[in-house]
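**Q** sequence first, predicted coordinates after that:
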Amino acid sequence: MKEIVYLDICCFKRPFDDATDERVREAEAVATILEATAQGLFELVRSPAHDIENDRNLREDRRLATDLWLKAATIRASAGAMSFERARSLVAVGFSSIDALHLAFSEQSAAKWFVTTDDRLLKRARAKRDELHVAVINPEQLRNSGRRII
């Protein structure tokens, strides 16, 4: 059985950032993750939270590119009462509404990893790790994991 990965929308946006930025390694790691997904090494999740955030992107080129990557997802999380209730409980412990939705959908889809480049979200997730049912990591952590899955 393939392991499931959920990429936060910021991961799909990282490849568009300035390549001279210190976070270029994250962009490279995201590209590696997307390539590994295309090769079938694990399954990628697409959720309504992805669609909500991506639809807000004013840059059409980036919105369309992100949509193409999301179309490669083999797992589709669906909105329902349980996911919204879970998101509300995550908001109650300090996550933003959109982050809580992403986390709820990642848990619903049984993702092993929730991958994000959002430092604030990573910090909050570390502080609230006992409240979560998914490992929240950055792209480099997945690329450099001891399991060497990619």
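**A** Perfect, thanks for sending it. Residues are numbered from 1 along each chain as shown.

**Q** quick check: buried residues in the top helix by length along the chain?
**A** Using DSSP state H to define each element, the chain has its longest helix at helix 24-38. Applying a neighbour-count criterion of 16 or more other CB atoms under 10 Å, the buried positions in helix 24-38 are 26-30, 32-34, 36-37. Every residue, glycine included, has its C-beta placed from N, CA and C.

**Q** go on, stretch 43-57?
**A** In terms of neighbour count (16+ other CB under 10 Å), stretch 43-57 has its buried residues at 43-50, 53-54, 57.

**Q** nearest to Ala111, of those residues?
**A** Closest approach to Ala111 among the buried residues of stretch 43-57 (CB to CB): Val45, at 5.8 Å.

**Q** report the secondary structure state of that closest one.
**A** Three-state assignment for Val45 (DSSP: H, G, I helix; E, B strand; the rest coil): strand.

**Q** who's in contact with it?
**A** Contacts for Val45 were tallied using CB atoms under 8 Å, 6 or more residues apart in numbering; they are 4-7, 73, 75-77, 105-106, 109, 111.

**Q** PyMOL command for the buried members of these?
**A** Command for PyMOL that selects the buried part of the contacts of Val45, burial taken from 16+ other CB under 10 Å:
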select buried, resi 4+5+6+7+73+75+77+105+106+109+111
